[in-house]
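A.B. asks: sequence first, then the predicted structure:
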Amino acid sequence: MRLLVHQSQAGCVIGKAGAKIKELREESRLRALKVYSNPCPVSTDRVVQLVGAPEELLKSIQMVLELLELAPPKGQVANYDARNFDEFNYEQYGGWIGGGQTRSVRPDGIGNMGGPVGYGAAPPHHMGRGGMPPQPAAPQAMQRGGPQLGGPPMGGAMQPGAPPPPPGAFGGPRPGAPRGMETTQQVSIPDSLTGSIMGRGGQRIKQIRMESGADIKIDKGEPGQDRIITIRGSQEQIQNAQYLLQMW
């Protein structure tokens with residue numbers, strides 16, 4: 001069982017020098033009780049994890065709730081949104097990938113989370129953790145309402161539902177590749193979303209490059225202005241890259 005508590009309330013569960021959480025463990029007889037030190041991504045929530053038999057969990061939850069009532073949240077409140085699940089660092093904040101390793105995707109390209117809302121979600125798509133998705137159709141919308149990938153050339157706004165440009169619309173093949181087999185597509189995204197796409201230390205964009213086989217570049221741009229993502233490769237590689245990018 002995982003509970004989300006405001007970061008300002010975590011101290012009342014832990015207690016001075018860990019005294020309160022030690023007391024809770026002893027009284028509840030749980031197999032494990034842990035308060036994660038890192039907040040969930042883009043939120044002020046921290047995870048309290050409880051492991052034990054159902055009757056022990058019920059007793060423990062009541063004890064935790066009583067403590068929380070004595071210490072209302074202080075400061076800014078930003079509830080955790082499971083769409084911000086970080087598949088690379090979920091263990092650091094107590095995220096949950098669910099019982100399986102798959103995530104279904106509706107035809108409109110918006111992911112359907114595999115775990116309970118607020119607890120974390122399953123890793124993206126039907127790939128598991130390393131394989132390529134099975135020939136997905138170009139997604140119509142970026143998750144969380146972001147811009148569509150595969151829209152018009154740079155300089156035009158992304159239009160919801162716009163079809164991807166035809167092969168070769170933005171450029172020719174790279175040296176050494178069969179002519180006509182590679183194309184380039186460019187899309188713009190809000191500057192505020194760049195960090196989510198890049199991931200910590202650029203790890204997420206590196207993973208997408210590796211899994212899709214596409215060459216993906218994000219221009220530096222000016223602070224506060226839209227950033228241009230350039231995706232280059234075969235139609236299949238571009239399609240796979242689009243599919244992975246929408247999962248931020």
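C.D. replies: Alright, I've got the coordinates.

A.B. asks: which residues does residue 233 contact?
C.D. replies: By Cβ atoms under 8 Å, 6 or more residues apart in numbering, the contact list for residue 233 reads 182-183, 212-215, 241. Every C-beta, even on glycine, is put in place using the N, C-alpha and C of the backbone.

A.B. asks: distance of it relative to residue 5?
C.D. replies: Per Cβ to Cβ, to the nearest Å, residue 233 is found 44 Å from residue 5.

A.B. asks: thought residue 75 was touching residue 9?
C.D. replies: No. Counting by Cβ atoms under 8 Å, residue 75 does not reach residue 9; the two are 10.6 Å apart.

A.B. asks: what about these two, which has more around it?
C.D. replies: Neighbour tally, residue 75 and residue 9, criterion other Cβ atoms under 10 Å: the higher count belongs to residue 9, 23 against 9.

A.B. asks: next one, pLDDT for the more buried one please.
C.D. replies: pLDDT for residue 9: 94.

A.B. asks: run through the bridge partners of residue 186.
C.D. replies: residue 230 (DSSP bridges).

A.B. asks: what segments of the protein are helices?
C.D. replies: Counting by DSSP state H, the chain has helices at residues 10-14, 19-28, 54-69, 90-93, 194-198, 203-212, 235-245.

A.B. asks: dump the ones you listed to CSV, plus mean neighbour count and distance to residue 81.
C.D. replies: Below are those laid out as CSV (neighbours: other Cβ atoms under 10 Å; distance: least, Cβ to Cβ, whole Å):
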stretch, mean neighbour count, distance to residue 81
helix 10-14, 17, 19
helix 19-28, 15, 27
helix 54-69, 14, 21
helix 90-93, 15, 13
helix 194-198, 17, 12
helix 203-212, 18, 17
helix 235-245, 23, 18
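
A.B. asks: out of these, which is closest to residue 220?
C.D. replies: Nearest of the helices of the chain to residue 220, taken as Cβ to Cβ: helix 194-198 at 9.7 Å.

A.B. asks: mean confidence for that closest one?
C.D. replies: Helix 194-198 shows a mean pLDDT of 85.

A.B. asks: which other helices and strands contact that helix?
C.D. replies: For helix 194-198, the elements it packs on are helix 203-212, strand 215-218, judged by 3 or more Cβ pairs under 8 Å, 6 or more residues apart in numbering; DSSP states H and E.

A.B. asks: out of those, point me to the one whose mean pLDDT is lowest.
C.D. replies: helix 203-212 - the lowest mean pLDDT of those, at a mean of 88.

A.B. asks: got a markdown table for the helices and strands packed on helix 194-198, with distance to residue 65 too?
C.D. replies: Below are the helices and strands packed on helix 194-198 laid out as a markdown table (distance: least, Cβ to Cβ, whole Å):
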| stretch | distance to residue 65 |
| --- | --- |
| helix 203-212 | 36 |
| strand 215-218 | 44 |
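
A.B. asks: tell me which of the ones you listed lies nearest to residue 187.
C.D. replies: Counting by Cβ to Cβ, residue 187 lies closest to strand 215-218 out of the helices and strands packed on helix 194-198; the figure is 10.4 Å.

A.B. asks: report the contact partners of the closest residue to residue 217 other than its chain neighbours.
C.D. replies: Using Cβ to Cβ, 6 or more residues apart in numbering and skipping residues adjacent in sequence, the residue nearest residue 217 is residue 230, 4.7 Å away. Shown in contact with residue 230 (Cβ under 8 Å, 6+ apart): 184-186, 215-219.
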